[in-house]
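Visitor: take a look and give me a structure for this.
(chains A, B and C)
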Amino acid sequence: MRGAAAGRSAIRELARRLDRAFGPQGWWPAKTPFEVMVGAVLTQNANWKNVERAISNLEAAGSLDPEAILALSPGRLARLVRPAGYFRVKSRRLRELCRWLLERCGGRLEEFGRVPTPDLREELLSVHGVGPETADSILLYALGRPVFVVDAYTRRVLSRHGVARGDEPYDEIRAEFERALAGPGCERRFNELHAQLVELGKRFCRPTPSCRGCPLETWRPASGR
DNA sequence: GACCAGGCACATC
DNA sequence: GATGTGCATGGT
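Guide: Predicted structure coming up:
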């Protein structure tokens, strides 16, 4: 990151502008916290539309809970999640996550209530197939913990607007956002800002940029020096 | 037909 | 610690 104080004030300004431009996004689109967890695995490097198809398949099969997923044969589970891509890998990751959930809390997420967020994060990261972004999506969107989710869009936006290089370590970027937006009810801000960054990324801040009409079209945060 | 999408694990240097 | 590669579908 660039100068820390300048970085944090740039992040706050970014949040203000995106909130003004896009408003509340209503993430995560799921009926239950467990469905959020499933979506977090299935969306790894995948288009969300394809993830929705896979989740619909699971729902239609009556398999949108941990026991039911583990009761499916590996081949059957792989066929159900096929539209989300990497289906062999992802079906295995889903099973790992379900196995952990059942062992850890019998599938009752409320039992995580007392576990400190950093400890829960470490536990999630120890599950095969759960990396930083998946763990943080689960913590924020399924469990309501104050954790900022860094994704490829976040890095691209930071890089395009000179807030950071964009290739900094995951936890460095996450910590900077969390410090910038810390405070009571900050999980709400983390939730909206991440969703708004994705919206910005999909519509404007694409690999080949289409900046016409972008709410950040002329935004160049001050260097702070 | 190439490129892209709400990553992660693993091998190698 | 950095960099490269396999994993795979469906939309643009």
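
Visitor: phi, psi of the nearest residue to A:Gln196 once chain neighbours are set aside?
Guide: In space, and not counting its chain neighbours, A:Gln196 is closest to A:Leu18: 4.0 Å by Cβ to Cβ, 6 or more residues apart in numbering. From N, CA and C alone the C-beta is placed, and that goes for glycine too. Dihedral angles of A:Leu18 (phi, psi; degrees, to the nearest 10) stand at phi -70, psi -40.

Visitor: A:Leu18 and DNA strand C, how far apart?
Guide: In this view, A:Leu18 and DNA strand C are 23 Å apart by Cβ to the nearest atom of the strand, to the nearest Å.

Visitor: same thing with A:Pro184?
Guide: The value you get for A:Pro184 to DNA strand C, if Cβ to the nearest atom of the strand is used, is 34 Å.

Visitor: now A:Arg16
Guide: 30 Å.

Visitor: element containing that residue, please.
Guide: helix A:4-22 (DSSP states H and E).

Visitor: up against DNA strand B, what does chain A have?
Guide: A:27-29, A:39-40, A:43-48, A:50, A:85-86, A:89, A:127-135, A:137, A:141, A:151-153, A:198, A:201-202, A:206-208 (Cβ under 7 Å from any atom of the strand).

Visitor: now those residues: which count as buried?
Guide: A:27-28, A:39-40, A:43-44, A:46, A:50, A:85, A:127, A:130, A:132-135, A:137, A:141, A:151, A:153, A:198, A:201 (16 or more other Cβ atoms under 10 Å).

Visitor: near DNA strand C, which residues of chain A show up?
Guide: A:45-47, A:49-50, A:53, A:82-83, A:85-90, A:167, A:169.

Visitor: spatially nearest residue to A:Glu187 (excluding sequence neighbours)?
Guide: With Cβ to Cβ, 6+ apart, the residue lying closest to A:Glu187 is A:Pro146, at 4.3 Å.

Visitor: got the contact list for that neighbour?
Guide: By Cβ atoms under 8 Å, 6 or more residues apart in numbering, the residues touching A:Pro146 are A:Thr117, A:Leu140, A:Glu178, A:Ala182, A:Cys186, A:Glu187, A:Phe190.

Visitor: which one is the most centrally placed residue in chain A nearest to, not counting chain neighbours?
Guide: By Cα atoms, centre = their mean, chain A has its centre lying nearest to A:Ser137, at 3.6 Å. Closest residue to A:Ser137 apart from its sequence neighbours, by Cβ to Cβ, 6+ apart: A:Ala40 at 4.2 Å.

Visitor: my guess is that neighbour meets A:Leu140, correct?
Guide: No. Taking contacts as Cβ atoms under 8 Å, A:Ala40 lies outside contact range of A:Leu140: 9.8 Å.
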